[in-house]
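J.: What follows is a predicted structure for the sequence shown.
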Amino acid sequence: YEEGICSALGVCNFNIGALRKLLMHCKIRPSVNQVERHPLLPQWDLLDFCLKNDIVLQSHTCLGQGKPELLQSETICEVAKTAGVSPAQTVVQWNLMHGVPVVVKCSGEEHMKEIMDPKARVESAGMKALDSIGKRKLRFVSPPFMSKRGAIYAWE
């Protein structure tokens, strides 16, 4: 960074506790924190923390690895139908409309174009419905080392 080899540094899967600890000790602040985020795991507190600390929260696994718990969720499907878009487009737009950029794994170029279609929009009533379904906090990526109780880097 200081030698000009990279222009920004980021972290992945840092919770608020881990970010606080890092920010107390780091010389170069992270510019991005990439985490799993979708309507079933909205991570509102982490989004607020990152915004207050000038860290971009970026969503990975925003399509829940294609799992039906997310993409066939009744609420997501209803919002998608009303908006005239696919459930995948709905979830991507939900993140983008919250100011959260996404990293999406796509099966090919056509799939990417469909999911990232700039014409896909979710109305405010749909956004409110999507905002309300994350009570369960369903995680699709869960390596065992991130579940250790009390660990600074463990998920809450």
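T.: Great, that's in hand.
J.: Surely residue 89 and residue 114 touch.
T.: Yes: with contact defined as CB atoms under 8 Å, residue 89 reaches residue 114; the gap is 7.1 Å. (Each C-beta comes from the backbone N, C-alpha and C, glycine too.)
J.: Which stretches in the chain count as helices?
T.: 16-25, 44-52, 68-71, 74-83, 87-97, 109-115, 124-131 (DSSP state H).
J.: Let me have these in CSV, extended by distance to residue 4.
T.: Compiled in CSV, these are given as follows (distance: least, CB to CB, whole Å):
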stretch, distance to residue 4
helix 16-25, 22
helix 44-52, 26
helix 68-71, 41
helix 74-83, 44
helix 87-97, 31
helix 109-115, 32
helix 124-131, 41
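J.: what's near enough to touch the closest residue in space to residue 96 that isn't next to it in sequence?
T.: Leaving out its chain neighbours, the residue that sits closest to residue 96 by CB to CB, 6 or more residues apart in numbering is residue 102, at 6.7 Å. Contact analysis of residue 102 by CB atoms under 8 Å, 6 or more residues apart in numbering lists 58-60, 62, 92, 95-96.
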